[in-house]
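Peer 1: need coordinates for the below:
(one chain, ligands or ions: 1)
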Amino acid sequence: MIQLHNVSMAYQSDISALNGINLKVPKGDFIFLTGQSGAGKSTLLKLLYAALLPTRGQVLIEGQNVTRLTRSQIPYLRRNVGVVFQDFKLLPHRTVMENVAITLEVLGWGKKDIGKKVYHILKQMGLEHKINSTPLRLSGGEQQRVALARALVNDPKILLADEPTGNLDDENKEQILSIFKEANIRGTTVVVATHDRRLIENSHRRVVVLEKGCIVEDSDVSK
Ligand SMILES: Nc1ncnc2c1ncn2[C@@H]1O[C@H](COP(=O)(O)OP(=O)(O)OP(=O)(O)O)[C@@H](O)[C@H]1O
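Peer 2: Just a heads-up that it's a prediction; the model follows:
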């Protein structure tokens, strides 16, 4: 469960990027965050993996108050949260295999188990033939799938994605969307920030609309 109680965030003291946000995302939910450029979508995602702390209010992830975590506790939170960025943030000089293995190396997995698990997820993503390529030799859609594999390889409780289909064509978008849906079926809570109306309309999931740092619409009927 993700909970935000009266959360505000200001990068500079007089301008709020988020203003009094109240939001509950139950375990296993799949939601889209949308709104115009500058509405606060990325800021909200960053609060969910403690890249930023709110200036006011509380952020709870699985009951844990993120605002109270010490610096050394943050990596433990991030074990449960997979993150995908629009610009992928892959390591350009490492192979696809190495880029995905990093998630499990950090968690202390053994080499043999890492090999098996990474191969399995890359196969699921249709990338087994690219295992030894470096990211620059891949298409945008393939790079995004590697980034997704890296975020999902340890079956995180929560997946956060910031504009994940930004530069992709329709076929690649469909592929990315089905990966989100499969992760969600396996129990991962999915939060996707996007401008992409078609992606949202084709998905039939909960939509939360931000405007100037406030939630102005939430399609969740149970709210
Ligand atoms: N590092 C920063 N320093 C100062 N202001 C920032 C910073 N990052 C974002 N902002 C401001 O905070 C507000 C919200 O930005 P945010 O990036 O969260 O919006 P967004 O909805 O994700 O936009 P986009 O769709 O363009 O990515 C904007 O007014 C933006 O200018």
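Peer 1: quick check: bridge partners of the residue minimising distance to the centre of the chain?
Peer 2: Central residue of the chain (C-alpha atoms, centre = their mean): L160, 1.5 Å from the mean position. Here L160 shows beta-bridge partners V83, V191, assigned using DSSP bridges.
Peer 1: against the ligand, how distant is it?
Peer 2: In this view, L160 and the ligand are 12 Å apart by C-beta to the nearest ligand atom, to the nearest Å. Every residue, glycine included, has its C-beta placed from N, CA and C.
Peer 1: contacting residues for that residue?
Peer 2: 45, 48-49, 81-84, 191, 193 (C-beta atoms under 8 Å, 6 or more residues apart in numbering).
Peer 1: what's around E217, how many residues?
Peer 2: Residues near E217, counting by other C-beta atoms under 10 Å, number 11.
Peer 1: and the closest residue to T43 other than its chain neighbours, helix, strand or coil?
Peer 2: Closest residue to T43 apart from its sequence neighbours, by C-beta to C-beta, 6 or more residues apart in numbering: A17 at 4.4 Å. For A17, the assignment made with DSSP: H, G, I helix; E, B strand; the rest coil gives strand.
Peer 1: touching, A17 and G213? I think so.
Peer 2: Yes. A17 is in contact with G213 according to C-beta atoms under 8 Å; the separation is 5.5 Å.
Peer 1: and N154, how far from the ligand?
Peer 2: 26 Å.
Peer 1: one more: Y49?
Peer 2: For Y49 relative to the ligand (C-beta to the nearest ligand atom), the value is 14 Å.
Peer 1: torsion angles phi and psi at that residue?
Peer 2: Y49 has phi and psi values of phi -120, psi 20 when expressed as degrees, to the nearest 10.
Peer 1: and if you look at Q143?
Peer 2: The phi/psi pair for Q143 (degrees, to the nearest 10) is phi -60, psi -40.
Peer 1: over to K181?
Peer 2: Dihedral pair for K181: phi -70, psi -40, per degrees, to the nearest 10.
Peer 1: got the contact list for the nearest residue to it once chain neighbours are set aside?
Peer 2: In this structure, K181 finds its nearest non-sequential neighbour in F30, 7.4 Å apart by C-beta to C-beta, 6+ apart. Contact analysis of F30 by C-beta under 8 Å, 6+ apart lists 180-181, 184, 189-190, 192, 203, 205-206.
Peer 1: state the mean pLDDT of stretch 33-45.
Peer 2: Stretch 33-45 shows a mean pLDDT of 96.
Peer 1: ok, now stretch 120-138?
Peer 2: pLDDT averaged over stretch 120-138 gives 93.
Peer 1: so what touches that stretch?
Peer 2: Contacts with stretch 120-138, where a contact means C-beta under 8 Å, 6+ apart, come from 88, 90-97, 99-100, 119, 142-143, 145-146, 148-149, 152-153, 175, 179.
Peer 1: repeat for stretch 190-209
Peer 2: Stretch 190-209 is contacted from outside by 2, 23, 25, 29-37, 41-42, 44-45, 48, 158-166, 173, 177, 180-181, 183-184, 215-220, using C-beta under 8 Å, 6+ apart.
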